[in-house]
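*Asks:* Attaching a predicted model along with its sequence, questions to come.
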Amino acid sequence: MEVKKVLTSEQMKFKKLLLELPKTEIHLHLEGVASVETIWALMKKNNLQYKNVNSKSDLQKKFQITSLEDFLDVFMNIIQKSFITENDIEYLIDDAKNYLLENNIIYSELFFAPSKFIQMGLDFKKIAKILTQGAEKIKKNHNIDIKFLIDVSRSFGLENAMKNLDLILANPSDAIIGIGLGGSEKKGPAKDYATVFEKAISKGLHVVAHAGEDVESQSIWDAINYLKAERIGHGISAIEDEKLMAYLAEKQIPLEVCPTSNLFTRKYAKTLKEHPVKLFFSRNMYITINTDDPTIFSATLVEEYMNLLTENIFTEKEIIQIIKNGVYATFLPASRKNAIWKAIEAKLPKQYL
Ligand code: ADE
Ligand code: ZN
């Protein structure tokens, strides 16, 4: 939720700097960048009707959600359902390009969840081709690198998740670098998906998992112990578990924290002030900041950082440290991480170094 505040001149200066810095974002769903215009255009083109949606503003209203289950309903039954052909996914590539450009994000790892699309009859091979060509186009035209993490999903059971993994393995692409586990955390415990993750790791894929977004901290332990997740999506229920916070700090396992998203789903924080991100940071846990689903949550990466600043949660210097964390938590080779951080450093006034 955007915190509406008049910025001081210092804060405006910092916002300008934030926009100028090249950045990374590592917890972003491709379907979550779909603009209202895109969904509306697809509804018209594909002759779709949704209950109580007769205008673009009705559509916008649907995005006002108050729980993860509510969100997943909009995500799967409005957004994903609007894509009737594989080529419709090109709209998403275009929306992603606009979002990344607006925020000066030069590298992003994006989730894409194929389950619903496949259930609707779309072909994964064609989807993978569109994602790959989309990444190439964004690189060629804008020098922005994107990679995909395929969300095998915890909403549709083990067999579906394994099928998704097998499709990834049968359609290898430089643009697809790993898997994630999104969907209903309440309905799909991480440990049920251990065999999928074990196989993915054995095939050289990166693995991450949403955990501790909507259920208690055991879910995070399970993502670490059963899935061997290299990063944790959200992880905010760790606030209830001293041992886990100490473990995450000791192992420096990156948390992909998405503050605005958490305020919408309202499970562990209802205001930014009560969000655990500051406590995590002060415990030396490895924090990154992300938007999750920018359109649905009316969030942008720059606004996420600015909200944390204007609500006095982080200082400017701490925000720069978190931006650095976001670079080093990517799955890029070390040389590329160093090069991106060098490019950021080159733009930073002395007081931030
Ligand atoms: N899919 C898209 N966004 C998600 C989230 N925040 N949690 C679980 N699944 C998701
Ligand atoms: Zn997410």
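*Replies:* Yep, that arrived. Note that the coordinates shown come from a computational prediction; the quantities given were computed from them, not determined experimentally. Ligands and ions are numbered 1, 2, ... in the order given.
*Asks:* quick check, Tyr107 in a strand?
*Replies:* Yes: counting by DSSP: H, G, I helix; E, B strand; the rest coil, Tyr107 is located in a strand.
*Asks:* Tell me which residues touch it, please.
*Replies:* 24, 144-146, 330, 332, 340 (Cβ atoms under 8 Å, 6 or more residues apart in numbering). C-betas here are computed from N, CA, C, even on glycine.
*Asks:* Next step: those residues restricted to strands.
*Replies:* If you go by DSSP state E, these have 24, 145-146 in strands.
*Asks:* Report pLDDT for Val3.
*Replies:* Val3 is assigned a predicted lDDT (pLDDT) of 51.
*Asks:* Which residues of the stretch 1-150 of the chain lie near ligand 1?
*Replies:* 29, 32, 68, 75 (Cβ under 6 Å from any ligand atom).
*Asks:* by contact count, what packs against the helix or strand hosting Leu42?
*Replies:* In the assignment (DSSP states H and E), Leu42 maps to helix 36-45. When contacts are defined as 3 or more Cβ pairs under 8 Å, 6 or more residues apart in numbering; DSSP states H and E, helix 36-45 sits against helix 56-62, helix 89-102.
*Asks:* worst average pLDDT in those helices?
*Replies:* Note on these: helix 56-62 shows the lowest mean pLDDT, a mean of 93.
*Asks:* just curious, which of the contacts of Tyr107 is nearest to ligand 1?
*Replies:* Ile146 (16.7 Å; Cβ to the nearest ligand atom).
*Asks:* Any figure for the gap between Leu308 and ligand 1?
*Replies:* Distance, Leu308 to ligand 1, using Cβ to the nearest ligand atom, to the nearest Å: 19 Å.
*Asks:* Isn't that residue up against Val277?
*Replies:* Yes: if you go by Cβ atoms under 8 Å, Leu308 and Val277 touch, sitting 7.5 Å apart.
*Asks:* Give me the common contacts of these two.
*Replies:* 259, 289.
*Asks:* What is the neighbour count of the closest residue to Trp221 other than its chain neighbours?
*Replies:* Nearest residue to Trp221, sequence neighbours excluded (Cβ to Cβ, 6 or more residues apart in numbering): Leu244, at 6.4 Å. Leu244 has 20 neighbours, counted by other Cβ atoms under 10 Å.
*Asks:* separation between the residue lying closest to Ser35 once chain neighbours are set aside and His29?
*Replies:* Distances taken as Cβ to Cβ, 6+ apart put Asp95 closest to Ser35, at 5.1 Å, once the chain neighbours are dropped. Asp95 sits 11 Å away from His29, going by Cβ to Cβ, to the nearest Å.
*Asks:* With neighbour numbers in mind, choose between these two.
*Replies:* Using other Cβ under 10 Å, the more surrounded residue of Asp95 and His29 is His29, with 26 against 21.
*Asks:* Now the more buried one, what are its backbone angles?
*Replies:* Reported as degrees, to the nearest 10, the phi and psi values for His29 are phi -100, psi 130.
*Asks:* contacting residues around it?
*Replies:* 75, 110-113, 151, 182, 292-293.
*Asks:* Now do it, the pLDDT please.
*Replies:* At His29, pLDDT is 98.
*Asks:* Who is it paired with across the strands?
*Replies:* Phe111 (DSSP bridges).
*Asks:* Can you report how many residues neighbour the nearest residue to Leu353 once chain neighbours are set aside?
*Replies:* What sits nearest to Leu353 in space, not counting adjacent residues and going by Cβ to Cβ, 6+ apart, is Glu345, at 6.8 Å. The number of residues packed near Glu345 is 13, by other Cβ under 10 Å.
*Asks:* Please apply the same query to Asn47.
*Replies:* Neighbours of Asn47 (other Cβ under 10 Å): 8.
*Asks:* rewinding a little: I'd say the residue nearest to Ser35 and Ile39 touch.
*Replies:* No: using Cβ under 8 Å as the test, Asp95 is too far from Ile39 to be in contact (9.8 Å).
*Asks:* how near is the residue nearest to Ser35 to Thr85?
*Replies:* 17 Å.
*Asks:* tell me the contacts of the residue nearest to Pro22 when sequence neighbours are not counted?
*Replies:* Nearest non-adjacent residue to Pro22, counting by Cβ to Cβ, 6+ apart: Ile106, 4.3 Å away. Residues counted as contacts of Ile106 (Cβ under 8 Å, 6+ apart) are 22-24, 100, 143-145, 340.
*Asks:* Please apply the same query to Ala238.
*Replies:* Here Ala238 is in contact with 212, 217, 220, 244-245, 248, 255, 276, 280, 285 (Cβ under 8 Å, 6+ apart).
*Asks:* any idea which of those residues is closest to ligand 1?
*Replies:* For those, the nearest to ligand 1 is Gly212 (11.0 Å; Cβ to the nearest ligand atom).
*Asks:* That closest one contacts Trp221, correct?
*Replies:* No: the criterion here is Cβ under 8 Å, and Gly212 misses it with Trp221 at 9.2 Å.
*Asks:* residues from the stretch 251-353 of the chain in reach of ligand 1?
*Replies:* Listed as neighbours of ligand 1 in the stretch 251-353 of the chain under the rule Cβ under 6 Å from any ligand atom: 261, 292-293.
*Asks:* Name the SS class of the closest residue to ligand 1 within the stretch 101-250 of the chain, please.
*Replies:* Residue nearest to ligand 1 within the stretch 101-250 of the chain: Gly182 (3.2 Å; Cβ to the nearest ligand atom). The three-state label given to Gly182 by three-state DSSP is coil.
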